[in-house]
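>>> Kindly generate the corresponding structure for this input.
(2 chains)
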Amino acid sequence: EPEVTQTPSHQVTQMGQEVILRCVPISNHLYFYWYRQILGQKVEFLVSFYNNEISEKSEIFDDQFSVERPDGSNFTLKIRSTKLEDSAMYFCASKSGTGMETQYFGPGTRLLVL
Amino acid sequence: RKEVEQDPGPFNVPEGATVAFNCTYSNSASQSFFWYRQDCRKEPKLLMSVYSSGNEDGRFTAQLNRASQYISLLIRDSKLSDSATYLCAVNRWNSGGSNYKLTFGKGTLLTVNP
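Got it, this is the predicted structure:
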């Protein structure tokens, strides 16, 4: 069964450093998402991406965040200057089409900012 | 009012018990509804979509009441392997009309005891 994959599984970084989280969505999917989950809290929407542009972003997704689909397979989330409060689990998700199809989640990257 | 609210839990039940989870949503524009299961430190995995007429999948039954903006999940004959956090999620078209995004509740932790 096709899966969304994410790398790395864990990342530890110093405050102020840049991090790039990588995702490979399911191959025929067209819509891509990033969500995050701070420990003990709910899963929160960050951004959605379609046709090589952001289609929606949340208030959390400020100027420190960016997303890119540099090639036909990878979908990346960059945090330019990490803060302590960016420590969370970051999930990538993808779905196939324009309707109410299921979003499939990757296993996540656990980011710890020290 | 939070966009998606769930029973705070946690629920501790013996094997074989029937357990019910409740969820309310505030945005009447919400268009599709899901129950996800999340194991500790793992990604959300789709358990079932929730249809207007209600739907059943083995021991799991989901109901939707659009008038009351209420979703439920019933697990019958619970197993040890059902122990997880159950997340309610609602999906709606974004304001730009280009995409759906999922909004999650905080989740309800279920522990099934031998």
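>>> okay, CA-based contacts and neighbour counts for the rest of this
Fine.
>>> Just name the shakiest helix or strand of chain B by mean pLDDT.
strand B:100-104 (a mean of 87; mean pLDDT, DSSP states H and E).
>>> can you tell me if that one touches chain A.
Yes. Applying Cα under 8 Å from any Cα of the partner chain, one finds strand B:100-104 in contact with chain A at B:Y100, B:K101, B:L102, B:T103, B:F104.
>>> List the strands paired with that strand, with their directions.
strand B:84-93 (antiparallel) (DSSP bridges).
>>> for the strand it pairs with, what is the average pLDDT?
Strand B:84-93 shows a mean pLDDT of 90 in the predicted model.
>>> Pull the contacting residues for the closest residue to A:P2 other than its chain neighbours.
Closest residue to A:P2 apart from its sequence neighbours, by Cα to Cα, 6 or more residues apart in numbering or on different chains: A:I26 at 6.1 Å. Applying Cα atoms under 8 Å, 6 or more residues apart in numbering or on different chains to A:I26 gives the contacts A:P2, A:E3, A:V4, A:S94, A:K95.
>>> Run a quick check on the second one versus A:K95, I expect a contact.
No. At 11.1 Å, A:E3 does not count as touching A:K95 under the criterion of Cα atoms under 8 Å.
>>> Next secondary structure after the least confident helix or strand of chain B?
Per DSSP states H and E, the first helix or strand lying C-terminal to strand B:100-104 is strand B:108-113.
>>> any residues touching that next one, and which ones?
B:6-15, B:21, B:78-87.
>>> Closest approach to chain B from chain A, which residue is it?
Sorted by distance to chain B under Cα to the nearest Cα, the residues of chain A start with A:K42, at 4.3 Å.
>>> That residue: how many residues sit nearby?
Residues near A:K42, counting by other Cα atoms under 10 Å in any protein chain shown, number 15.
>>> now the helices for chain B?
In chain B, no segments count as helices under DSSP state H.
>>> coming back round to it: overlap of the contact sets of A:E3 and A:K95?
With Cα under 8 Å, 6+ apart, A:E3 and A:K95 have common neighbours A:I26, A:Y104.
>>> For those two, indicate the residue with more neighbours.
A:K95 (21 against 15).
>>> What is the distance between the one helix or strand A:L111 maps to and the centre of its chain?
Secondary structure from DSSP H and E places A:L111 in strand A:109-113. On the basis of Cα atoms, centre = their mean, to the nearest Å, strand A:109-113 is displaced by 12 Å from the centre of the chain it belongs to.
>>> residue in chain B nearest to chain A?
Closest point on chain B to chain A, by Cα to the nearest Cα, is B:K106, at 4.3 Å.
>>> Just to check, that residue is in contact with B:E5?
Yes. B:K106 lies in contact with B:E5 (Cα under 8 Å); the separation is 7.1 Å.
>>> Is any residue of the lowest-mean-pLDDT helix or strand in chain A near chain B?
Across the helices and strands of chain A, mean confidence by mean pLDDT, DSSP H and E is lowest for strand A:53-57: a mean of 90. Yes. Strand A:53-57 is in contact with chain B by Cα under 8 Å from any Cα, via A:S55, A:E56.
>>> Would you tell me what the next helix or strand after that strand is?
According to DSSP H and E, the helix or strand after strand A:53-57 is strand A:65-68.
>>> buried set for that next one?
Neighbour-count burial for strand A:65-68 flags A:F65, A:V67 (criterion: 16 or more other Cα atoms under 10 Å in any protein chain shown).
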